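1. Take a look and give me a structure for this.
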Amino acid sequence: MKKYVLKRLLQLIPILLVITFLSFGMMRLAGSDAVLQKMENTGMVVSQEVIDNARAELGLDKPFLTQYFVWLGNLLTGDMGTSYISGKEVLPTFLSKLPATLLLTAVSIFLTIVISIPLGILAAVKQNRFTDYLIRVCSFLGNSMPNFFVALLLMYFLSIRMPIFPVIANGLSIQSVALPSLTLAIAMSAKYLRQVRAAVLDELSKDYVVGAQARGIRFSVTLWKSVLRACLVTILTLLTLSIGSLLGGTAIVESIFLWDGVGKLAVDAINMRDYPMIQAYVMWMAIIYVCVNLITDLSYRFLDPRIRLGGEEA
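-> Model (predicted):
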């Protein structure tokens, strides 16, 4: 187990290097940099000399590889640089956005669990009945509507027609996080409840369920103690994938509700060609996905002892 964890953590190093290098290169291919973007936004006409001096001050006049290795060397000392746009240090700025993203992730995952797992189990138990058809129709509708459309519907009905929640987020509060988290939960639940239904149906068709019924064990006991436990691996995989994407920020939803998380920060940084901030976001995403996948693999071992991790002997 220790060797497996160490191996996976060591794999993070080349992954981070490749991702940061590619993101650096892709941003340079965009055709402009932070200086040009900033000058365009001011609407002022400036000389080429002023632009060149500004680029030299930020180090943007140096070759691409030189810029990359300078940034990488600073990163190894714990310095992620200074924002080209705000002039503030990148790491404190990025960390200041994490609480909002963590709150949005936690509430969205909670709502997704509350909605998708019970409805998925109910649809499987009531297979090919009205309840099953109704749940599947709702799932199709949820899958067919993009997040921005769901967000606008919720804003119209729950903020304008019935002023229950604020249209725009105002701090880290339950009222402010309700609409963005519900928007995300509806989309995820619509996708996941069908997979939960399929997993439960697969377990219900197995011999041990029939045997339990033949021995007089109540169906509810078999469902909650055996079937649901067997489906935990599938459910856990779905949830951890969602946690990874949510921790990376959901740019569209955060932008609509002006939720001040890392997703909105990343979109603003990309629009303004703020390379140091983009690299901080890229590093965060890479670390999150590697760690989430590692935690998922380790949890498989505890949920189902039959599953063996890489390096374990059969």
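2. Show me what the top helix by length along the chain is packed against.
-> Assignment by DSSP state H gives helix 90-125 as the longest helix of the chain. Counting contacts by 3 or more CB pairs under 8 Å, 6 or more residues apart in numbering; DSSP states H and E, helix 90-125 packs against helix 130-144, helix 174-204, helix 232-247, helix 262-271, helix 275-303. Every C-beta, even on glycine, is put in place using the N, C-alpha and C of the backbone.
3. nearest to residue 155, of the ones you listed?
-> If you check each of the helices and strands packed on helix 90-125 against residue 155 by CB to CB, helix 174-204 wins as the nearest, at 6.6 Å.
4. immediately after that closest one, which helix or strand?
-> Note on helix 174-204: by DSSP states H and E, the next helix or strand toward the C-terminus is helix 207-214.
5. Would you indicate which residues of the next helix or strand after that next one are buried?
-> Later in the chain than helix 207-214, the nearest helix or strand by DSSP H and E is helix 219-222. For helix 219-222, burial by neighbour count (16 or more other CB atoms under 10 Å) applies to residue 222.
6. Identify the residues contacting helix 219-222?
-> Contacts to helix 219-222, defined as CB atoms under 8 Å, 6 or more residues apart in numbering, come from residues 209, 212-213.
7. Next, name the residue at the spatial heart of the protein.
-> By CA atoms, centre = their mean, the mean C-alpha position of the chain lies nearest to residue 245, the distance being 1.5 Å.
8. Can you give me every residue that contacts residue 252?
-> 147-148, 151.
9. Tell me the spacing between the nearest residue to residue 196 once chain neighbours are set aside and residue 189.
-> Closest residue to residue 196 apart from its sequence neighbours, by CB to CB, 6 or more residues apart in numbering: residue 120 at 2.8 Å. For residue 120, the distance to residue 189 equals 9 Å [CB to CB, to the nearest Å].
10. likewise residue 19?
-> For residue 19, the distance to residue 189 - CB to CB - is 30 Å.
11. now residue 62
-> Residue 62 is 49 Å from residue 189, by CB to CB.
12. Which residue of those two possesses the greater neighbour count?
-> More crowded of residue 62 and residue 189, by other CB atoms under 10 Å: residue 189, with 25 against 14.
13. tell me the contacts of that one?
-> By CB under 8 Å, 6+ apart, residue 189 lies in contact with 111-112, 115-116, 119, 142.
14. and stretch 111-129, which residues are buried?
-> By 16+ other CB under 10 Å, the buried positions in stretch 111-129 come out as 111-113, 115-117, 119-125.
15. same question, stretch 159-168
-> Buried residues in stretch 159-168, counted by 16+ other CB under 10 Å: 159, 165-167.
16. cool, and stretch 94-111?
-> Neighbour counts using 16+ other CB under 10 Å place 94, 97, 100-101, 103-105, 107-109, 111 of stretch 94-111 among the buried residues.
17. Need these in JSON lines (columns: distance to residue 256 and pLDDT).
-> Shown next, in JSON lines, are the buried residues of stretch 94-111 (distance: CB to CB, whole Å; pLDDT from 0 to 100):
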{"residue": "94", "distance to residue 256": "22", "pLDDT": "87"}
{"residue": "97", "distance to residue 256": "17", "pLDDT": "88"}
{"residue": "100", "distance to residue 256": "14", "pLDDT": "88"}
{"residue": "101", "distance to residue 256": "15", "pLDDT": "87"}
{"residue": "103", "distance to residue 256": "17", "pLDDT": "89"}
{"residue": "104", "distance to residue 256": "13", "pLDDT": "89"}
{"residue": "105", "distance to residue 256": "17", "pLDDT": "88"}
{"residue": "107", "distance to residue 256": "16", "pLDDT": "91"}
{"residue": "108", "distance to residue 256": "14", "pLDDT": "90"}
{"residue": "109", "distance to residue 256": "20", "pLDDT": "90"}
{"residue": "111", "distance to residue 256": "17", "pLDDT": "92"}
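18. Among those residues, which one lies nearest to residue 88?
-> Nearest to residue 88 among those, with distances taken as CB to CB, is residue 94, at 10.1 Å.
19. Just name whatever secondary elements the helix or strand where residue 26 lies is in contact with.
-> Following DSSP H and E, one finds residue 26 within helix 2-28. Applying 3+ CB pairs under 8 Å, 6+ apart, one finds that helix 2-28 contacts helix 64-76, helix 275-303.
20. Can you tell me which of these is most buried?
-> Neighbour counts (mean count of other CB atoms under 10 Å) averaged over each of the helices and strands packed on helix 2-28 peak at helix 275-303, with a mean of 18.
21. starting at the chain centroid, how far to it?
-> 10 Å (CA atoms, centre = their mean, to the nearest Å).
22. what's the burial count for the closest residue to residue 68 other than its chain neighbours?
-> The spatially closest residue to residue 68, leaving aside those adjacent along the chain, is residue 24, at 5.1 Å (CB to CB, 6+ apart). Applying the criterion other CB under 10 Å, we find 19 residues in the vicinity of residue 24.
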